[in-house]
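> got a sequence here, can you model it:
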Amino acid sequence: GPPIRSDGIGYYYYLPSIFIHGDITMNKLIEERYSDSDGTIDKNSYGGISLQSNGNYLDKYPLGEAVMIFPFFLVGHVFTLVLGGVTNQAINGFSWFYQGAVGFAGVFYMILGLFVLKKFLSKYFKFKIVYITLLAILLGTNLFHYGTYDSIFSHSFSFFLFSLFLYLIPKWYEKICFKNSLILGILFGMITLVRPTNAVIVIIFLFYGINSFKFLN
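Numbering: from 1, shown residues only. Here you go, the predicted structure:
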């Protein structure tokens, strides 16, 4: 099926609603999607977006992933504006160019996350250990699946942010300054904004470098 589906709809809807319809309430987008589906979707509750008593829609998914997807959405939007007439692609956020560009976002962040994690691990482990670890994470977990098939879900985006957070923690401890604190703080905010439960990663920051109870005394 198309990359933008299931939970991915809730993460993505912010972009077409704001930048195509100019509507933060999502009313226009939901009505358009409902009409295009010939009524096969439930416009009162669709993709984690539900109709509220005030007549507006509430998206239960946070908007962090939409921020990270935005550059890819913009590429798809430009291609659709330029070539949409020739290829008969609608400017609605869900035609082929949007699907392709946004679907690639998960692949991009998965690869970038592996690259950043490699840089972090290379400080502490030998070449073979690093690459065996990366291969185990890529193929021994659900990362490859969520970086490709379900690439609009939050997992590969979280993976990249986690990897970058791990990479920057030692740099903060090496040089505690406003710049490093600001960067790490913004990154932690984005991690939480992509998926609120991701905030538990702060534990790694607080206990970084502690390898025994004696250290705490």
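> CA atoms only for the helix or strand hosting Ala136, dumped as CSV, please.
Counting by DSSP states H and E, the element that carries Ala136 is helix 127-140. What follows is helix 127-140 as a C-alpha-only set of coordinates in CSV (Å, rounded to 0.1, in the frame of the first residue of the first chain):
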residue,chain,number,x,y,z
PHE,A,127,36.0,-1.8,13.9
LYS,A,128,34.6,-5.3,13.9
ILE,A,129,32.6,-4.9,17.0
VAL,A,130,31.1,-1.6,15.7
TYR,A,131,29.9,-3.1,12.4
ILE,A,132,28.6,-6.3,14.0
THR,A,133,26.6,-4.2,16.4
LEU,A,134,25.2,-2.0,13.6
LEU,A,135,24.3,-5.1,11.5
ALA,A,136,22.6,-6.7,14.6
ILE,A,137,20.6,-3.5,15.2
LEU,A,138,19.6,-3.2,11.6
LEU,A,139,18.6,-6.8,10.9
GLY,A,140,18.1,-8.2,14.4
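> mind giving me the packing neighbours of whatever helix or strand comes next after it?
The first helix or strand that comes after helix 127-140 along the chain, using DSSP H and E, is helix 143-148. If you count contacts as 3 or more Cβ pairs under 8 Å, 6 or more residues apart in numbering; DSSP states H and E, helix 143-148 packs onto helix 96-121, helix 155-174. Just so you know, the C-beta spots here come from the backbone N, C-alpha and C atoms, and that holds for glycine as well.
> buried residues of helix 143-148, list them for me.
For helix 143-148, burial by neighbour count (16 or more other Cβ atoms under 10 Å) applies to 143, 146-147.
> same check on stretch 75-95?
Neighbour counts using 16+ other Cβ under 10 Å place 75-77, 79-80, 84, 89, 92-95 of stretch 75-95 among the buried residues.
> could I get the buried residues of helix 143-148 as a markdown table with distance to Ser212 and pLDDT?
What follows is the buried residues of helix 143-148, written out as a markdown table (distance: Cβ to Cβ, whole Å; pLDDT from 0 to 100):
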| residue | distance to Ser212 | pLDDT |
| --- | --- | --- |
| Leu143 | 31 | 97 |
| Tyr146 | 35 | 96 |
| Gly147 | 36 | 96 |
